[in-house]
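[1] My questions concern the predicted model and sequence given below.
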Amino acid sequence: MFTDNLLEIQPARGCSSVRMSELWAILHSDGRCWSRDFQKKLINAEDYMLERKLPKMLMMLCGSQPDETNTAMTMLKTRNRKTKQSGFSLIEMLMVIVIGFILATVSIFYLAGHKKLYKAEDQALQIIDVLQDAKQLALNERQTMRVEINTTKNAILIIDENKAGDSDDKIIKQVTLANSNEATVGPRPANISAEPGEPLPVPRPTFAPSSHPLTQGNSVAVLRFTSTGLVLNAGTNSVGAGSTMTGMTIYVWKPQTTSPTNSELTRGITVLGASGTIRMWNYTHAVASPSWQNR
């Protein structure tokens, strides 16, 4: 700070840059008995030094010309005044901290509520990922992949049916679903009467006790993705005997707190039996015109 102040003094008429350099050298000389004290006082008691010591030195080096000396003094005082005003007081810092704390608290509560509301959205995306994986695996491996939405285990599973019979079947993927009070998976909520806008009706999931040995007796809704791209139902036994082509409309929704059978936020997933096409739908709970919109 001390050096900047002196270097910003412009040499006045009759006060050359050489003399200003001499002033700088004098004020920073350790060989002078007053130099360190002078610098300390200039930093900690600038008004005293400006009024008593520095004017004499400026006059001495500038040829005792009052006008030039006053000009240099005015510029130095202006610079020092600006320097003094920099920084923050303790009260200002505390105010900033308090305001930041309040904003952080409000943001946390808002984000927590927002995340809870959109849990159904996250759940629907997870289910679509599982369905897409099963479809792709069936095509790549040339084997039927069985997808079970298991409400007993609160999970969605991919079971590789492998060859004929069920003794070599194995679960290759299992994703745990959210709690039903956060995101319900299954039938359509009571406050929605329309189906997603597919050209042909796509049936709702039917939950029934499983006959498959890996999930025996669990309440499941089944889709079986084949190597030809068709989607079949569970059939009549564990190996899918008598199965027919089918699709499924899966509803994922956030229940209302006051009325758990009604939804607050709803997503739909349609799986077409003839092609294995998987689509996601958003339901707009608008008072004037509620409707499904394809994502």
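    Received it, and whenever you're ready, just let me know what you need. Residues are numbered from 1 along each chain as shown.

[2] Show the pLDDT at A112.
    A112 is assigned a pLDDT of 57 by the prediction.

[3] next one: I9
    40.

[4] And what about W292, helix, strand or coil?
    Following DSSP: H, G, I helix; E, B strand; the rest coil, the label given to W292 is strand.

[5] My read is that it contacts N282, right?
    Yes: the pair W292 / N282 is scored as a contact, 7.1 Å apart, by Cβ atoms under 8 Å. C-beta coordinates here come from the backbone N, C-alpha and C atoms, glycine included.

[6] list the residues that contact both of the two?
    Here W292 and N282 have G268 as joint contacts, going by Cβ atoms under 8 Å, 6 or more residues apart in numbering.

[7] Doesn't V175 belong to a strand?
    Yes: assessed with three-state DSSP, V175 lies in a strand.

[8] show me what contacts it?
    Residues in contact with V175 (Cβ under 8 Å, 6+ apart) are 126-127, 129-130, 155-157.

[9] need the strands for this protein, in chain order.
    Ranges of strands within the chain are 145-150, 155-160, 170-176, 184-186, 208-209, 219-225, 231-232, 248-255, 263-271, 278-284, 291-294, based on DSSP state E.

[10] who's in contact with the longest one?
    By Cβ under 8 Å, 6+ apart, the list of residues contacting strand 263-271 from outside reads 117-118, 120-121, 123-124, 127-128, 131, 184, 189, 191-192, 196, 198, 202, 223, 231, 247-256, 277-283, 285, 292.

[11] Strand partners (parallel or antiparallel) of it?
    Using DSSP bridges, strand 263-271 pairs in its sheet with strand 248-255 (antiparallel), strand 278-284 (antiparallel).

[12] Mind pulling the model confidence for N262?
    93.

[13] Isn't it up against P255?
    Yes: taking Cβ under 8 Å as the definition, N262 is a contact partner of P255 at 7.1 Å.

[14] What subset of the contacts of strand 263-271 is buried?
    For the contacts of strand 263-271, a burial check counting by 16 or more other Cβ atoms under 10 Å picks out 120-121, 123-124, 127-128, 131, 184, 189, 191-192, 196, 198, 202, 223, 231, 247-255, 278-283, 292.

[15] Rebuild the strands of the chain as CSV, extending it with distance to S238.
    Putting these into CSV (distance: least, Cβ to Cβ, whole Å) gives the following:
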stretch, distance to S238
strand 145-150, 10
strand 155-160, 10
strand 170-176, 14
strand 184-186, 22
strand 208-209, 12
strand 219-225, 11
strand 231-232, 14
strand 248-255, 20
strand 263-271, 21
strand 278-284, 25
strand 291-294, 35
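
[16] Quick one: residues contacting Y283.
    Listed by Cβ under 8 Å, 6+ apart, the contact set of Y283 reads 192, 263, 266-268, 290-293.

[17] quick one: the helices in the chain?
    For the chain, applying DSSP state H gives helices covering 2-7, 17-27, 35-44, 46-52, 54-61, 66-84, 90-117, 119-141.

[18] ranking these by mean pLDDT, which is last?
    Sorting the helices of the chain by mean pLDDT places helix 2-7 lowest, at a mean of 42.

[19] Tell me, how many residues neighbour L137?
    Counted with other Cβ atoms under 10 Å, the neighbours of L137 add up to 19.

[20] my bad, should have said S227
    Using other Cβ under 10 Å: S227 sits among 14 other residues.

[21] Now it. Nearest residue, chain neighbours left out?
    Leaving out its chain neighbours, the residue that sits closest to S227 by Cβ to Cβ, 6 or more residues apart in numbering is R142, at 4.4 Å.

[22] The one you found and G100: what is the separation?
    To G100, R142 is 59 Å away according to Cβ to Cβ, to the nearest Å.
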